[in-house]
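Undergrad: just coords:
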């Protein structure tokens, strides 16, 4: 069992992956950012640089910190380069794809490498069921935008070594985040509670009680920082829909978690939110 984490690899350079990579690199860890798409890696570094520039303009990040952060990140599109003390996966919300990835990574890494998944709803136990050593796998669920949001859910599966959870809690604190230890249950804490923020808002829209703009405006005036439709566009309509489907299935198709046909149509049309330029709003 490793006592320290020094080199961290992040799998997936999309919205969550690049945010996680930035947060970890800003804490002076050596980071490998992997994605099979080289253009996605270029976009990720561009976005991280822009985020740091915003921090500089607000006086929260020094120019030296920006330079150090970017220097701490190495990008690669070769999975064979993905080796480290901790590997954090931030890819599509699909059990089979995640499980296959961890089996592949386990084969090229040391036996004491810690593996973490950024899943927001899929069982850690199920993801690790095909691993040779599932004791080294845990959940490390960040929230969007990952370089800003403080909360991280640290999730132990049935086979997870408690020492791995403790080390991840310490690591989370070291990168300036607030860890919350969570049991391996559908949606964990935040997504189980927040699911109805999206699902009920979509029900209201389905029933033509109000437009998505009005629903957002009402909830923001009620005190929420961002309305549900703006938030779905930020997270990714496709990602949000995938999480809803996963939780719906995990709760034996309980109607209160039933996905919306409106959201499904958005996904099928390629309207995934900010990342595609169009979701419930246009960008």
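TA: Ah, there it is. Model, not experiment: these values are computed from the prediction. Numbering: from 1, shown residues only.
Undergrad: for the top helix by length along the chain, packing partners?
TA: Longest helix of the chain, by residue count under DSSP state H: helix 38-57. Where contact means 3 or more Cβ pairs under 8 Å, 6 or more residues apart in numbering; DSSP states H and E, helix 38-57 is packed against helix 15-26, strand 30-34, helix 63-71, strand 73-76. Every C-beta, even on glycine, is put in place using the N, C-alpha and C of the backbone.
Undergrad: can you do 7 Å?
TA: Where contact means 3 or more Cβ pairs under 7 Å, 6 or more residues apart in numbering; DSSP states H and E, helix 38-57 is packed against helix 15-26, helix 63-71.
Undergrad: what about this protein, any weak spots by pLDDT?
TA: Applying pLDDT under 70 to the chain picks out residues 1-3.
Undergrad: now the strands for the stretch 101-250 of the chain?
TA: Using DSSP state E, counting those that start in this stretch, the strands assigned to the stretch 101-250 of the chain run over residues 114-117, 137-142, 151-156, 178-183.
Undergrad: Please spell out which residues along the last one are buried.
TA: Right, the one you point to is strand 178-183. Neighbour counts over strand 178-183 (16 or more other Cβ atoms under 10 Å) mark 179, 180, 182 as buried.
Undergrad: Residues contacting it, please?
TA: Strand 178-183 has contacts (Cβ atoms under 7 Å, 6 or more residues apart in numbering) with 150, 151, 152, 153, 154, 155, 165, 169, 172, 173, 188, 189.
Undergrad: returning to that earlier point: can I get the strands of the stretch 101-250 of the chain in CSV including distance to residue 84?
TA: Below are those laid out as CSV (distance: least, Cβ to Cβ, whole Å):
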stretch, distance to residue 84
strand 114-117, 9
strand 137-142, 14
strand 151-156, 18
strand 178-183, 20
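Undergrad: mind checking which of the ones you listed is nearest residue 219?
TA: strand 151-156 (20.0 Å; Cβ to Cβ).
Undergrad: other SSEs contacting the closest one?
TA: Looks like strand 151-156 contacts strand 137-142, helix 162-174, strand 178-183 (3+ Cβ pairs under 7 Å, 6+ apart).
Undergrad: Could you rerun that using 10 Å?
TA: On a contact count with 3 or more Cβ pairs under 10 Å, 6 or more residues apart in numbering; DSSP states H and E, strand 151-156 meets strand 114-117, helix 124-127, strand 137-142, helix 162-174, strand 178-183, helix 190-206.
Undergrad: CSV please, covering those and showing distance to residue 35.
TA: Formatted as CSV, the helices and strands packed on strand 151-156 follow (distance: least, Cβ to Cβ, whole Å):
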stretch, distance to residue 35
strand 114-117, 16
helix 124-127, 20
strand 137-142, 17
helix 162-174, 22
strand 178-183, 26
helix 190-206, 24
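Undergrad: Which among these is found nearest to residue 20?
TA: Proximity to residue 20 (Cβ to Cβ) singles out strand 137-142 among the helices and strands packed on strand 151-156, at 5.5 Å.
Undergrad: Would you pull up how far the closest one lies from the middle of the chain?
TA: 9 Å (Cα atoms, centre = their mean, to the nearest Å).
Undergrad: cool, and stretch 41-51?
TA: Using Cα atoms, centre = their mean, the offset of stretch 41-51 from its chain centre is 17 Å.
Undergrad: Show residues contacting it.
TA: Residues outside stretch 41-51 that contact it (Cβ atoms under 10 Å, 6 or more residues apart in numbering): 10, 12-15, 17-19, 21-22, 25-26, 33-35, 37, 61, 66, 69-70, 73, 75-77, 145, 147-148, 275.
Undergrad: That one: which residues count as buried?
TA: Applying a neighbour-count criterion of 16+ other Cβ under 10 Å, one finds 41, 43, 44, 45, 47, 48, 51 buried in stretch 41-51.
Undergrad: likewise stretch 106-119?
TA: By neighbour count on 16+ other Cβ under 10 Å, the buried set for stretch 106-119 is 106, 109, 113, 114, 115, 116, 117, 118, 119.
Undergrad: first vs last residue of it, how far apart are they?
TA: Start and end residues of stretch 106-119 are separated by 18 Å (Cα to Cα, to the nearest Å).
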